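Enquirer: next come a sequence and a model predicted from it.
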Amino acid sequence: MAIYHCTIKTGGRAAGKSAVAAAAYRSGEKLTDMETGIESDYTRKSGVVHSEVSLCENAPVEYAEREKLWNAVHKIEKASNARLWREIEVALPQEFNRDEQIETVREYVKGLTDKGMCADWSIHDKADGNPHAHIMLTTRSIEANGKWAAKSRKVYDLDENGEKIYQRTDKDGRKQYKSHKEDYNDWNDKERIEEWREAWANVCNKHLSEEKKIDHLSYERQGKAQEPTRHEGYTARKIEAKGGISELCQENREIKARNSILQQITEQLKAVGEELKKLIAEKGSIVNDRIGEILRLRATARAASKSERRVTGGERELETATEQQGLSDTDSLIRQAEVVGASTKANVADATASRANREAMQQRQRIEAEQRIRKAEQGTREIGQQSAKKISRGGHSL
């Protein structure tokens, strides 16, 4: 399986962030924040192998220049706690060549711009085994006229007749109606995070072989017992590249070793299960053969019963006795077949029951041990209390 990594976060004014500076770093360019006049120059940054801006349908053409795009965001997002951008960071499968990496990210980004976002994205690869992409997204929709839309809008509450609900009249004589705010888009909904994570896995899997496909779900949600590794990132890999040992990389090596052992155990259990199925199938085949033989004997007995009608009374009695003997033999074979089938089921049931008994015995032993501990603790407390009483009585006698 290829590596799956997809994180989603936001950047804003509350943390003192600049969308222009962030875009400069990710693209490896020199950009100027018109609001502060600060120039961010990352033209010497290594590892930026591709960068481009993808616009939504209503975005002005000039937003294709990232400096103009993010300065426009700064201009509209004036609040001190304004959210300036949303970022999706994804690990790129090492199975992809450069062109496949670019086309995969571009395909994924199109799904986001189709929803009305503008995307500024870059691919970083320092040949350290950690190719990844940074996708910066606008958080505000753009109207059909190319203007930024409001982040939320006023929506009036309606009664059962579809009429606005009157609340009061203000000092200027204007009627006020009950209302609430709704986000202009649903990009802040928690469901979108799951949707975007799954979309990345789906886009990658279009270009990955079956055994390399990735899953956006955690191992736990996939029903797997594997322990997930942690994303190492640039700093940890840099330490390792210089001959050092990163705690994060070392932790991942230990996790991989444990997962390898777990995988071996899982495969062994699977092999045992397959062998058990094979044995059950073989037993079933034997039972089916015996049943077929029994049915043939019964058919022969029925044929003999029909011919019996054409013989004399004495002969009929003789043939009847013979038929009864045949039926008796047939019934005996049926019982034998039933015994074989029951024996097969019993073997499986015994194995299951044995395991359940072991688990129950272990549980009882744990409970008994806990009871003994509690009893011992209770006895200790009682002895302590009795000793305290004796000491107390002795003190009073003095």
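Expert: Done, it's in.
Enquirer: wait, Cys118 touches Cys56, no?
Expert: Yes - assessed by CB atoms under 8 Å, Cys118 is found in contact with Cys56 at 5.6 Å. Where C-beta positions appear, they are placed from N, C-alpha and C, glycine not excepted.
Enquirer: what do those two both touch?
Expert: Ile142 (CB atoms under 8 Å, 6 or more residues apart in numbering).
Enquirer: so which of those two has more stuff around it?
Expert: Neighbour count, other CB atoms under 10 Å: between Cys118 and Cys56, Cys118 has more, with 27 against 18.
Enquirer: who touches the closest residue to that one other than its chain neighbours in this structure?
Expert: Nearest residue to Cys118 in three dimensions, chain neighbours excluded: Thr138, at 4.5 Å (CB to CB, 6 or more residues apart in numbering). By CB under 8 Å, 6+ apart, the contact list for Thr138 reads 69, 73, 85-86, 117-119.
Enquirer: show me the shaky parts of the stretch 51-200 of the chain.
Expert: For the stretch 51-200 of the chain, applying pLDDT under 70 flags the ranges 153.
Enquirer: remind me what the helix or strand hosting Lys278 packs against, helices and strands.
Expert: Assigned by DSSP states H and E, Lys278 falls within helix 247-308. Helices and strands touching helix 247-308, by 3 or more CB pairs under 8 Å, 6 or more residues apart in numbering; DSSP states H and E, are helix 233-241, helix 313-397.
Enquirer: work out the gap between the helix or strand Arg86 falls within and the centre of the chain.
Expert: According to DSSP H and E, Arg86 maps onto strand 83-91. Centroid displacement of strand 83-91 relative to its chain, using CA atoms, centre = their mean, to the nearest Å, is 21 Å.
Enquirer: helices or strands next to it in the packing?
Expert: Under the contact criterion of 3+ CB pairs under 8 Å, 6+ apart, strand 83-91 touches strand 6-12, helix 19-27, helix 66-76, strand 132-137, helix 190-205.
Enquirer: mind doing that once more with 6 Å?
Expert: strand 6-12, strand 132-137 (3 or more CB pairs under 6 Å, 6 or more residues apart in numbering; DSSP states H and E).
Enquirer: just the CA atoms of the longest one, as PDB, please.
Expert: Right, the one you point to is strand 6-12. C-alpha atoms of strand 6-12 as PDB (Å, rounded to 0.1, in the frame of the first residue of the first chain):
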ATOM      1  CA  CYS A   6      -3.700  14.400   4.200                       C
ATOM      2  CA  THR A   7      -4.000  17.200   6.700                       C
ATOM      3  CA  ILE A   8      -6.300  20.200   6.600                       C
ATOM      4  CA  LYS A   9      -5.700  23.400   8.600                       C
ATOM      5  CA  THR A  10      -6.300  27.100   8.400                       C
ATOM      6  CA  GLY A  11      -4.300  30.300   8.700                       C
ATOM      7  CA  GLY A  12      -5.500  33.700   9.800                       C
END
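Enquirer: pLDDT of it, averaged?
Expert: Across strand 6-12, pLDDT averages out at 94.
Enquirer: adjacent strands (with direction) for that strand?
Expert: Partners of strand 6-12 in the sheet, by DSSP bridges, are strand 83-91 (antiparallel).
Enquirer: what angle do the strand holding Arg86 and helix 190-205 make?
Expert: 30 degrees (axes from the mean of the first three to the mean of the last three CA atoms, to 10 degrees).
Enquirer: what angle sits between strand 83-91 and helix 19-27?
Expert: Calculated by the same axes, to 10 degrees, strand 83-91 forms an angle of 10 degrees with helix 19-27.
Enquirer: closest one to His124 among the helices and strands packed on strand 83-91?
Expert: Closest to His124 of the helices and strands packed on strand 83-91 is strand 132-137 (CB to CB; 5.7 Å).
Enquirer: counting by contacts, list what the closest one packs against.
Expert: strand 83-91, strand 119-124.
Enquirer: so after the longest one, what's the next helix or strand?
Expert: Downstream of strand 83-91, the first helix or strand assigned by DSSP H and E is helix 98-113.
Enquirer: same for that following helix, what does it pack against?
Expert: Using 3+ CB pairs under 6 Å, 6+ apart, the elements in contact with helix 98-113 are strand 48-54, strand 119-124, helix 190-205.
Enquirer: packed most tightly, which of the ones you listed would that be?
Expert: Across those, averaging neighbours per residue (mean count of other CB atoms under 10 Å) puts strand 119-124 on top, at a mean of 24.
Enquirer: what sits up against that strand?
Expert: Contacts to strand 119-124, defined as CB atoms under 6 Å, 6 or more residues apart in numbering, come from residues 23, 26-27, 47-51, 53-54, 66, 101, 109, 112-113, 132-137.
Enquirer: now stretch 98-106
Expert: Outside stretch 98-106, the residues within contact range by CB under 6 Å, 6+ apart are 50, 92, 123, 133, 203.
Enquirer: the same query, at a cut-off of 10 Å, please.
Expert: Stretch 98-106 is contacted from outside by 49-50, 52, 54, 90, 92-96, 119, 121-123, 125, 131-135, 200, 203-204, 206-208, using CB atoms under 10 Å, 6 or more residues apart in numbering.
Enquirer: distance-wise, check Arg364 relative to Arg372.
Expert: 12 Å (CB to CB, to the nearest Å).
Enquirer: for Gly12, what are its contacts?
Expert: Counting by CB under 10 Å, 6+ apart, Gly12 has contacts 19, 77, 79-86, 139.
Enquirer: any quick ChimeraX command for the buried ones out of those?
Expert: Entered in ChimeraX, the line below selects the buried ones among the contacts of Gly12, by 16 or more other CB atoms under 10 Å:
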select :19,77,82,83,84,85,86,139
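Enquirer: tell me which two of the contacts of Gly12 sit farthest apart.
Expert: Ser80 and Arg86 (18.6 Å).
Enquirer: show me how this protein divides into domains.
Expert: 6-148+189-216, 150-183 (the TED database).
Enquirer: between those, which one is nearest to Ile245?
Expert: Nearest of those (CB to CB): domain 6-148+189-216, 15.6 Å.
Enquirer: if I look at Lys151, how far off is Ser46?
Expert: The value you get for Lys151 to Ser46, if CB to CB is used, is 37 Å.
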